[in-house]
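Return a 3D structure for these sequence lines:
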Amino acid sequence: MAEECMKYAMDLSGLLLLYSSLGDAEGVTKLATLAKEQGKNNVAFLCLFMLGKLEDCLQLLVESNRIPEAALMARSYLPSKVSEIVALWRKDLSKVNSKAAESLADPEEYPNLFEDWQVALSVEGRAVETRGVYTGAENYPSHADKSSMTLVEAFRNLQVEEEESLENGDIEHEEVVAEENGNEQGNEEDVEEHHEEKEAEGEEGIVDGDSTDGAVLVNGSEADEEWGTNNEGNPSA
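Numbering: from 1, shown residues only. All right, here's what the predicted structure looks like:
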């Protein structure tokens, strides 16, 4: 009954309060059309904004000759539209002050003057997917405690997490390679040690040609003499 009364009285502000309180997306959509027909652009803008129809909000500002506001909105919510709106703003402002019109910066010409410009474009591309998804009013408690972080901040954090994930992957890869190299080096050392043992076995029993007593030497070392005979044929001491 309250809704019907507001409609007959053309109380558009009251309807906006009612529909937004109820989370009635269909009612807000109808109200946006009605408000535009009645020339109530403030109400129409709020309806479109709550519905996530940002392009329609931008167009409404342009049609209402609120081009500076349209440029500011584009910078905040639709960075891909900034150059288009700046061109309109320059054209409109040049009628009053040509120097002021020329001083308006276009991000396509001066991207260095726009902080986090590429980040903003990336955020817009990701946010557009969820704009038309309307969460029910009964789900408010689950969203009330969510962080007040901006989309740009959230995107930065996401980039940092992705970079850390890549770095961790590289470290794990390096550890695996190092372990494999260690195993290969250990195997090479085992082979070399085994080869040296074989050589040592082959050298045992070889008579040193320089020995005067015909002693049999281990590895050719007199200090490591194992047994032998002297010149008289008697076993050496």
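
Please tell me how far Asp56 sits from Tyr140.
25 Å (CB to CB, to the nearest Å). Where C-beta positions appear, they are placed from N, C-alpha and C, glycine not excepted.

buried sites along the strand or helix carrying Cys47?
In this structure, Cys47 is located in helix 41-50 according to DSSP states H and E. Of all the residues in helix 41-50, those buried under the rule 16 or more other CB atoms under 10 Å are 43-50.

helices and strands around it, which ones?
helix 12-22, helix 25-37, helix 54-63 (3 or more CB pairs under 8 Å, 6 or more residues apart in numbering; DSSP states H and E).

So which of Asp56 and Tyr140 has more stuff around it?
The neighbour comparison of Asp56 against Tyr140 (other CB atoms under 10 Å) goes to Asp56, with 17 against 10.

mind listing what the residue lying closest to Val43 once chain neighbours are set aside touches?
Leaving aside its sequence neighbours, Val43 sits nearest to Ala35 (CB to CB, 6 or more residues apart in numbering; 4.0 Å). Applying CB atoms under 8 Å, 6 or more residues apart in numbering, we find Ala35 in contact with 12, 41, 43-44, 47.

May I see those arranged in JSON lines, with distance to Leu22 and pLDDT as well?
Output for the contacts of Ala35, formatted as JSON lines (distance: CB to CB, whole Å; pLDDT from 0 to 100):
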{"residue": "Leu12", "distance to Leu22": "16", "pLDDT": "95"}
{"residue": "Asn41", "distance to Leu22": "23", "pLDDT": "95"}
{"residue": "Val43", "distance to Leu22": "16", "pLDDT": "96"}
{"residue": "Ala44", "distance to Leu22": "19", "pLDDT": "96"}
{"residue": "Cys47", "distance to Leu22": "14", "pLDDT": "96"}
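
Quick one: those as JSON lines, columns for distance to Val123 too.
As requested, those are arranged in JSON lines below (distance: CB to CB, whole Å):
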{"residue": "Leu12", "distance to Val123": "33"}
{"residue": "Asn41", "distance to Val123": "27"}
{"residue": "Val43", "distance to Val123": "28"}
{"residue": "Ala44", "distance to Val123": "26"}
{"residue": "Cys47", "distance to Val123": "24"}
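
Please enumerate the helices of this structure.
Assigned helices in the chain, in chain order: 2-9, 12-22, 25-37, 41-50, 54-63, 67-77, 82-93, 98-102, 117-127, 140-144, 151-203 (criterion: DSSP state H).

quick one, the fifth one and helix 117-127 angle?
In other words, helix 54-63. 120 degrees (axes from the mean of the first three to the mean of the last three CA atoms, to 10 degrees).

So for helix 54-63, mean pLDDT?
Confidence for helix 54-63, expressed as mean pLDDT, is 95.
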